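> Based on what follows, work out the 3D shape:
(chains A and B)
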Amino acid sequence: MAMEVTQILLNAQSVDSTVRKHAEETLKQFQEQNLPGFLLSLSGELASEEKPVDSRKLAGLILKNALDAKEHNRKFELVQRWLSLDMAVKAQIKTCLLQTLSSPVTDAHSTASQVIAKVAGIELPQKQWPELIGSLLSNIHQVPAHVKQATLETLGYLCEEVSPDVVDQDQVNKILTAVVQGMNAEEGNNDVRLAATRALYNALGFAQANFNNDMERDFIMRVVCEATQSPEVKIRQAAFECLVSISSTYYEKLAPYIQDIFNITAKAVKEDVEPVALQAIEFWSSICDEEIDILEDYGGDFTADSNVPCYYFIKQALPALVPMLLETLLKQEEDQDQDEGAWNLAMAGGTCLGLVARTVGDEIVPLVMPFIQENISKPDWRQREAATYAFGSILEGPSPDKLTPLVNVALNFMLSALTKDPNSHVKDTTAWTLGRIFEFLHGSTVETPIITPANCQLIITVLLQAMKDAPNVAEKACGALYFLAQGYEDIGSSSPLTPFFQEIVQSLLTVTHREDAGESRLRTAAYETLNEVVRCSTDETAPMVLQLAPIIMTELHQTLEGQKLSSDEREKQSELQGLLCGCLQVIIQKLGASEATKFVFMQYADQIMNLFLRVFACRNATVHEEAMLAIGALAYATGPDFAKYMPEFYKYLEMGLQNFEEYQVCAVTVGVVGDVCRALEDKILPYCDGIMTQLLKDLSSNQLHRSVKPPIFSCLGDIALAIGENFEKYMMYAMPMLQSAAELSAHTSGADDEMIEYTNLLRNGILEAYSGIFQGFKNSPKTQLLIPYAPHILQFLDSIYMEKDMDDVVMKTAIGVLGDLADTLGSNAGSLIQQSLSSKEFLNECLSSDDHLIKESAEWAKLAITRAISV
Amino acid sequence: MADEGLVSHKRDPIKSSVGNAAAQRRRQHAVTVGKERREALMRTKRLCRVRVSGDSDDASPDDNDMMIEEDQSILEAQTSSAVEELKLAVAHQGKGPTQKRVNALRELRRLLSRSEFPPVEAALQAGAIPLLVQCLSFGSPDEQLLEAAWCLTNIAAGKPEETKALLPALPLLVAHLGEKSSLHVVEQCAWALGNVAGEGEELRNVLLLQGALPALARMLLPNKKSTVRTAAWALSNLIKGPDPRAATELIKIDGIPDRIVRHLKKGDDELATEVAWVIVYLTALSNVATTILAKSDLVEVLIEILGMSTSLQLLIPVLRSLGNLVAGETHITKFVLVARHDLTGNAIQALVKCLKSEHRILKKEAAWVLSNIAAGSVEHKQLIYSSEAMPFLLDLLSTAAFDIKKEVAYVLGNICVAPAEGSGRPNVILDHLVNLVHGGCITGFLDLVRSADVEAARLGLQFIELVLRGMPNGEGPKHVEREDGIDAMERYQFHENEELRSMANELVDCYFGEEYGLDE
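From the prediction side, this is the model:
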């Protein structure tokens, strides 16, 4: 059955595109006509020592791709295809694969190890290939180091592919033993030791039982710690990565080792090469993540069962940890501020310092202040920058009481550094620190204001000035202004920013026009800051926001008048259009919120809508998303008059609903359908056939990202609310779909937290659909049509109540549906309701809820039921 | 491909640009706005047919449905003009315009009862309060008083600052509680005052100074159900404290203790619920009240309701009242809930019923009451120990949520120790302890030891101490070790709480020191 494929595989890598295309075509045909033969030939090629390395490697890659795909549905198909292959063929392929592991050719055995893991990922959950792990482990004792290496790599990939619950503890023990032995210092071969260390990283998830056993845990930890001392950089790095993973997976087991780990990490941070030192810092960041989570769970009373206690590792290590981190801040790179992907010791150290501050709060302040005072005025820019960075990093976590006095002293210094410091790094970090001050210590909830009538003008002048500085500095100054504006969000009728509003808006617009605004994401920052300034503005400045509308519209218009552009230019153009649509969305929302401004603004509505429709002609997901959001805001502001835009807008609405690939666009469009429903009410009816068809298609598609489905259900409710009894004709399609989704989401047993969260979103969507349908039909002569569905809906409510895993949002919506059912069906459903569990225990539980939204819904439901029963 | 190694961890730097997060937040905000509008629309639709109670007799269905589609801003505009109308009506003196005033008041009251978001702010801005106060003046016709008080009731149900706007009206509302007023007016005024008292301590103190308490208390004396219920509800808001003086003042009023117990006993569920809340605050705040009530037959009544009722609304305050009494007054365990008395058996049975309930508050409070009974005499401990409560308690200790678990642990702990003689360590009640340990309670207590709640951890450690010291044949340490207890205690080696640290360290040193395990 097998066929000679060497030449085809070599041709498929040819530089000559005709040859290459032909070979690819041949391979494709072979695969389609005779899949078993194709796979056998590939595995034979991979296993054969006589074949050239290039053809063997490609054979392995094609095999791998025949077993797995990124896309979920494609992956499922491939798995099914493999499972249905003839046993004998599969056995032969697997023999070839295992045989390849012993090949001295690195590319061959390394590719084989990945393919084996893919096969294992499919077969082990089916309880097939039981002998695999045993035969791999028997390889471990083989003499040639490369066999050992290949085997360990295979075990590592296998642990990555397979879930721990399909491997027996006995086999887990053996895998871990093999891996840990391979990591041991006595292992002379570095390649083997590295492969073992990387394998352990993947195998850690399997080691639950072993970490519960003191002896085994001690042993694993000792070996990992020893590996951090290896002379080989890659081994040290891999070992630290293991420690990072252990810190989050086995936090509660770390106490006995934490002192040793501190010593090891401290030494690595001080002396080792950067990739290793970064992992050492990451260890402590990860411990902070854990403790922040645990302490958050502790917060308030102990109603949440916090299973893991906090060991306060950070608090205990604080006196040594903080100086270690402060030291790293002085190791900046010259141009890190211009490089968006930069990640170095100083950045990691500051990030970790910020996490430490959030973990321990006030206690960090006295440990950092001396460093700041010592370095803030030094001639070396590195020292000034590090001191400022340290200050900025600790502003979240400690209490305002502790920070405010320090900030009051520092503020003037910072403002003058932002204007006068000769170094751009220092200015960049200073502007960022000001932003952090405003983010965490300024706002309506802060007791002692940092910004006063005395310093407000100076702050704004300095920030606007800094917006003319280098792009990275200007970007940070925008950020500071963003948080400054946000702090006045709830200020009431009069804002301290009012006198400067015009100047601020003008300066931000100037920034967006800077030639270098494409650098350091400056343009984005300027527009988003403008948005926040507008969003948080008060009625006093409404006339100026009104003036801003035509300015932004003109800018958007100009982008649409463009000539032919290169693809690079087009991408920049799209980004700008997205930003402008975003800005218009905020302006529409702001002006639409009050009757007076809405009235004046409406003169622009036609033009704006026209611009948005033209924007849809450009193919770019982000732009579509932004334009859709803006149209949603416009629909709300326009109300029923929005109907006049529908004939033209409808096709883009439909396009959005069909956009499976860029599912965010689809999700936003679903939301806009809801906005339009509320604006148009029954005037949306002519478009409903198309919209409903599309929505139902979306629901039954398994290509569409699952996160879009709950909002689609809610959207069915929006439509029903808008068109009332006219929803009748969609019932025969919508109701069965709701019913089967309800059945699927009723029970979550055995699901993980993420799945439960998703199920609750789904339930909420389904319930909102039911509410919309009931309320839509209310008072119509056709309510009878709903009676046949009532038993199932009540049963759904009962079963999610029994399941005891719904969140507060679902609880509120669910009890509301009970009321809607009673409200609409009245005495027709009286006895049904009385028989349901929901109308008794569930309702009582909601009535005595602490959550006032639940209580409110429940009280309403109770009233509706009383009426239904009494009639 | 293998050479790529692992994907290195890189987290988001703390110093990041503002743009990305800001855009994310902005889009999220837009989505939230959509959700809020959906909810607002749903609210209006639901309200369409809901008629505010009392409205059905004088509002035609048509005009009700007309209100349906109106949105809040129209409602507000109508409210302002209704207040203007009232202003005109009040300005007209003399007899003729009485009907005009009543009509204007009724219109305003309807608007204020109309939606879930009554246009209170609009009414206040239009200057409703001084007009309403004027309408409450002495000698006004009942209908006018009723409508004015009703308007004020709805305003008082608003936001805190809106409730405070009622300050100028309070003296007249209290005055109209007097004996000469008609019952309708009295109830409506009490309702308004109850809303005001519920707002907060500051307003409660104002009302107490103005004599609202005796006036409301007097309303408890007759037997008209709706009057008593409203008064009880208003009183429970008024005596909420935290200052205990109001509660003490109430209980000292002649006839009140008697009436309260009687209403609780004879009233229907709704009435009993409101009265039970009054008892909750009396017994929680005032020692005087607790002592007086302990001597009445209140405890019997409470236990009876606890055993019979299925109304969750009623059970919660009843259970809490019983708990307050048992915890606050040793008289109860010494003389009323005597160990050999039937009543005590009934009490425990009723509490077991609550422990079995699905409702967490009931479970928790029932365990709390039991722990107080278990703190009584050795006979009490034996009684609980031999009751059907035990299997439930053991089960809850291992499966319940933390707060319930903790209360249950108090019950079980108390059952195992006899009151200490002198100041020494408490004596172990051996057979209780042995059976509990064999029932598997150690794991539950060790969970407490591991918790971050200092009180729970102390309780856990105390129980472990009992086990270590008290189990016969020195088998305590083995039990503790088997459940990973050493590990649990060793966590305290460097704990910041000194008391827990030394407790745990002493236990480990004393029972698991160098000698431990040598003899095997």
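> residue contacts, the residue of the stretch 251-400 of chain B found nearest chain A?
Chain A sits closest to B:Leu312 of the stretch 251-400 of chain B, with a gap of 4.7 Å, by C-beta to the nearest C-beta. All C-beta spots, glycine's among them, are computed from the backbone N, C-alpha and C. B:Leu312 makes contact with A:Asn844, A:Glu845, A:Leu847, A:Ser848, B:His359, B:Leu362, according to C-beta atoms under 8 Å, 6 or more residues apart in numbering or on different chains.
> Please repeat the previous calculation with a cut-off of 7 Å.
Neighbouring residues of B:Leu312 by C-beta atoms under 7 Å, 6 or more residues apart in numbering or on different chains: A:Asn844, A:Ser848, B:His359.
> what does A:Glu45 give?
A:Val5, A:Thr6, A:Leu9, A:Lys51, A:Ser55, A:Arg56, A:Ala59.
> quick one, what contacts the second one?
By C-beta under 7 Å, 6+ apart, the contact list for A:Thr6 reads A:Glu45, A:Lys51, A:Ser55.
> Same list (those residues) but as a markdown table, adding pLDDT.
Below are the contacts of A:Thr6 laid out as a markdown table (pLDDT from 0 to 100):
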| residue | pLDDT |
| --- | --- |
| A:Glu45 | 94 |
| A:Lys51 | 92 |
| A:Ser55 | 93 |
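> Can you get me a residue count around A:Glu290?
21 (other C-beta atoms under 10 Å in any protein chain shown).
> Roughly how far does it sit from A:Gln279?
Per C-beta to C-beta, to the nearest Å, A:Glu290 is found 17 Å from A:Gln279.
> Likewise for A:Gln128?
37 Å.
> who has more neighbours, these two?
For A:Gln128 and A:Gln279, the more surrounded residue by other C-beta under 10 Å is A:Gln279, and the numbers stand at 27 against 15.
> Can you report phi and psi for that one?
Per-residue torsions, A:Gln279: phi -70, psi -40 (degrees, to the nearest 10).
> name the element the residue nearest to it when sequence neighbours are not counted belongs to?
What sits nearest to A:Gln279 in space, not counting adjacent residues and going by C-beta to C-beta, 6 or more residues apart in numbering or on different chains, is A:Phe240, at 3.5 Å. If you go by DSSP states H and E, A:Phe240 is part of helix A:233-249.
> How about residues contacting that helix?
Contacts of helix A:233-249 with the rest of the structure, by C-beta under 7 Å, 6+ apart, involve A:190, A:193-194, A:197-198, A:200-201, A:204-205, A:224, A:227-228, A:230, A:254, A:261, A:268, A:272-273, A:275-276, A:279-280, A:282-283, A:286-287, A:289-290, B:5-6, B:9.
> following the helix or strand of chain B with the lowest mean pLDDT, which helix or strand shows up next?
Ranking every helix and strand in chain B by mean pLDDT, DSSP states H and E puts helix B:61-68 at the bottom, with a mean of 41. Following helix B:61-68 in sequence order, the next helix or strand is helix B:72-91 (DSSP H and E).
> could you point out which element follows that next one?
Reading on from helix B:72-91 to the C-terminus, the next helix or strand found by DSSP H and E is helix B:98-114.
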